[in-house]
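Undergrad: Starting from these lines, generate the structure:
(one chain, ligands or ions: 1)
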Amino acid sequence: SAAEKGGYDYFMLKEIAEQPKAVADTLLGRIDVSGALTLDEVRIPVAELREVDKVVIVACGTAFHAGLIAKYAIEHWTRIPCEVELASEFRYRDPILGARSLVIAISQSGETMDTLMALRHAREQGSKVLAICNTNGSTIPRESDAVLYTHAGPEVAVASTKAFLTQLVACYLVALYLGQVRGTQWGDEIRAVVRDLARISGEVERVLETMEPVRELARSLAGKDTVLFLGRHVGYPVALEGALKLKELAYMHAEGFAAGELKHGPIALIEEDLPVVVVVPSPRGRSVLHDKIVSNIQEIRARGARTIVIAEEGDEEVVPYADHLVRIPVTPTLLQPLVATVPLQVFACELATARGNEVDQPRNLAKSVTVE
Ligand code: AGP
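TA: Take a look at the predicted model:
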């Protein structure tokens, strides 16, 4: 009913709008006044967490994309090797697991059969499993050794939005917590990131306030067949997520690529007026990446692409090559997906509407996939 949708036309719009609160709620009570992580609810003894020699993340779909981003954070802040694998592929390849492997199963519903089977396999090998889940008491947390709940609230739309942002927050918390219990050379950076996390919900809110041009752009592209998405570093999984949203909602051919792979094949797809969304890393810090993506944008534009550039406020270098420029707030590199994904969700939702598709219940899809 309209009341359930809180005045929005679709649950998806409501859930997109709820993201600042979902992010804040997922952080609530998990960082103390001194900036230390307080994840006592993760009932894996600290002594065991100190012994972990490998992290393996298993998940499907959007939750898998959250896992891909988590890998950058976990490896950077903890120096523990981290693998991310599609849950449906995991147990069939006889993965190398042991008592010192920490397996993280990410699932909004907690009922995804592929993810459940992967975690059962991991436990059979003697590994500890930590669930990151949005649904209290669902099967995946019940069968795991520990759980960190995302506090997104119920997600009704088939296309995942607020669950994704809160999965990211939960992954950052786990990465920071592992860094904290094991000691890390990144103490100062971690303290700064914790401060930035406290502000991030307000930044997501600011992005939401500036989405009208993105909706307009989406409507103007309703007749297109294909949209490509490019990113580097954590922007690469963001590109994959943008493409998945567009497939699900707009039924368009959409693909996400690592921008560095362009010249290894995908650049052959570029033709006159093809819309290409580029997620640009911050020009600060890891500026090598920024320079490289700027030259990628130049390359595709020279071949006729219509460039839709998602870039930080103050990034002037991209301006000459952007047919459409979407500004996102300045954030630390690893946290950028929290703000960069939002315009892609809005874009896909508006395109679906413009194409006359059912936003909350896309064809052929179920909210939770309880068969393998
Ligand atoms: C996302 O928009 C999808 N509907 C889908 O990929 C989803 O993320 C996937 O099925 C995993 O679901 P889960 O998080 O409930 O396990």
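
Undergrad: Only C-alpha atoms from now on, for both contacts and neighbour counts.
TA: Noted.

Undergrad: Could you look up the SS state of the residue of the stretch 151-300 of the chain found nearest the ligand?
TA: Distances between the stretch 151-300 of the chain and the ligand by C-alpha to the nearest ligand atom are smallest at residue 159, namely 3.4 Å. The assignment at residue 159 comes out as coil when based on DSSP: H, G, I helix; E, B strand; the rest coil.

Undergrad: beta partners for the closest residue to residue 144 other than its chain neighbours?
TA: Spatial nearest neighbour of residue 144, chain neighbours left out: residue 129 (5.2 Å); criterion: C-alpha to C-alpha, 6 or more residues apart in numbering. With DSSP bridges as the criterion, residue 129 is bridged to residue 103.

Undergrad: returning to that earlier point: distance-wise, check the residue of the stretch 151-300 of the chain closest to the ligand relative to residue 99.
TA: The gap separating residue 159 from residue 99 is 35 Å, by C-alpha to C-alpha, to the nearest Å.

Undergrad: Those two: which has the busier surroundings?
TA: Set side by side, residue 159 and residue 99 show more neighbours around residue 159, with 28 against 16, by other C-alpha atoms under 10 Å.

Undergrad: Close to the ligand: what parts of the stretch 251-372 of the chain are there?
TA: Within the stretch 251-372 of the chain, the positions adjacent to the ligand are 367, 368, 369 by C-alpha under 6 Å from any ligand atom.

Undergrad: again, only using 8 Å
TA: 365, 366, 367, 368, 369 (C-alpha under 8 Å from any ligand atom).

Undergrad: Filter those residues down to just the ones in strands.
TA: Judged by DSSP state E, strands contain none of those.

Undergrad: confidence score at the residue nearest to residue 144?
TA: For residue 129, the pLDDT comes out at 98.

Undergrad: Then residue 1?
TA: For residue 1, the predicted pLDDT is 69.

Undergrad: The helix or strand harbouring residue 72 near the ligand anywhere?
TA: Using DSSP states H and E, residue 72 sits in helix 61-78. Yes. Using C-alpha under 8 Å from any ligand atom, helix 61-78 reaches the ligand at 61, 62, 63, 64.

Undergrad: hmm, who's touching that helix?
TA: 57-59, 80-86, 106-108, 160, 164, 167-168, 171-172, 175-176, 178-179, 182, 184, 186, 190, 233-234, 237-238, 240-241, 244, 334, 337 (C-alpha atoms under 8 Å, 6 or more residues apart in numbering).
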